[in-house]
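[1] Fold the following and give me the result.
(one chain, ligands or ions: 1)
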Amino acid sequence: MTDRKAQLAANLAKVEERITAACTAAGRKREEVTLIVVTKTYPASDVRILSELGVRHVAENRDQDAAPKAAECSDLPLLWHFVGQLQTNKVRSVVGYAGVVQSVDRSRLVAALSKEAVRAEREVGCLIQVALDAQERGRGERGGVGVGGIEELADLVAGAPGLRLDGLMTVAPLTGEYAGRQQAAFERLMDLSTAVRRTHPAANMVSAGMSSDLEQAVAAGATHVRVGTAVLGVRPSLG
Ligand SMILES: *Cc1c(COP(=O)(O)O)cnc(C)c1O
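    Residues are numbered from 1 along each chain as shown. Modelled structure (predicted):
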């Protein structure tokens with residue numbers, strides 16, 4: 001085993017232990033939580049190693065980096081999640097590799113994703129990104145729609161050709177009433193998910209929690225955690 005593979009295997013084992021412990025503490029089954037490894041800023045060679053180690057879900061936040069990496073790894077059995085702020089002019093490229101876009105936060109983006117998914121003859125799973133620090137119907141600084149805008153976007157995605165409404169995603173806010181209160185933020189996301197599922201019962205994905213707060217996300221009921229640093233190491237400041 002190469003040094004890098006041994007290192008990633010050890011990190012993955014630690015994250016796996018944390019998820020298992022969090023599930024046990026919450027009375028949940030380990031299978032209820034899917035690990036998504038956020039590979040942004042790390043090379044395709046790391047993605048390949050992760051795949052060899054059994055990782056099946058990876059996430060990226062910039063199309064410029066993700067597109068060549070996904071192309072290099074197209075022989076691997078991976079599902080690519082897009083988790084970054086997405087400009088409509090990048091949608092065609094993203095739809096080429098991403099099975100799930102977790103950062104859907106405005107109607108123009110839904111229209112662009114639908115158009116390109118139909119064109120590519122692909123079905124793209126969509127999560128509405130919720131900004132818990134945004135104004136009721138405004139947008140968050142790091143993307144996401146305010147709580148008041150969720151329902152309209154969910155209905156739009158559910159009715160859009162080529163798109164599938166999978167659920168909700170959030171990033172714990174750094175400002176506002178939920179700053180420093182990750183678990184409360186994730187519990188709020190769960191309540192919002194329950195509300196969405198009344199109209200869209202299949203939209204049961206709840207993506208929350210990163211390296212520093214995955215325990216709180218699992219405790220709140222998240223179905224997907226997005227972990228970068230704890231698996232791959234601390235990133236250079238960009239990204
Ligand atoms: C980078 C990123 C993560 C992973 O963050 P870590 O702290 O490295 O685990 C999760 N979600 C999103 C949206 C990200 O951009």
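
[2] strands paired with the host helix or strand of residue 35, and their directions?
    According to DSSP states H and E, residue 35 maps onto strand 34-38. Note on strand 34-38: by DSSP bridges, its sheet partners are strand 57-60 (parallel), strand 224-227 (parallel).

[3] closest one to residue 175 among the ones you listed?
    With Cβ to Cβ as the criterion, residue 175 lies closest to strand 224-227 of the strands paired with strand 34-38, at 20.3 Å. Backbone N, C-alpha and C define where each C-beta goes, glycine included.

[4] What lies in contact with the closest one?
    Strand 224-227 has contacts (Cβ atoms under 8 Å, 6 or more residues apart in numbering) with 15, 19, 33-38, 57, 59, 81, 83, 102, 205-211, 214, 217-218.

[5] average pLDDT across that strand?
    Mean pLDDT, strand 224-227: 98.

[6] Same check on stretch 160-180?
    96.

[7] for that stretch, the distance to its chain's centre please.
    Its chain's C-alpha centre and that of stretch 160-180 lie 9 Å apart, by Cα atoms, centre = their mean, to the nearest Å.

[8] same question, stretch 97-107
    Relative to the centre of its chain, stretch 97-107 is centred 9 Å away, using Cα atoms, centre = their mean.

[9] Now residue 88: closest residue in space, sequence neighbours ignored.
    Spatial nearest neighbour of residue 88, excluding adjacent residues (Cβ to Cβ, 6 or more residues apart in numbering): residue 112 at 4.3 Å.

[10] Burial check on that neighbour, number of neighbours?
    For residue 112, the neighbour count with other Cβ atoms under 10 Å is 20.
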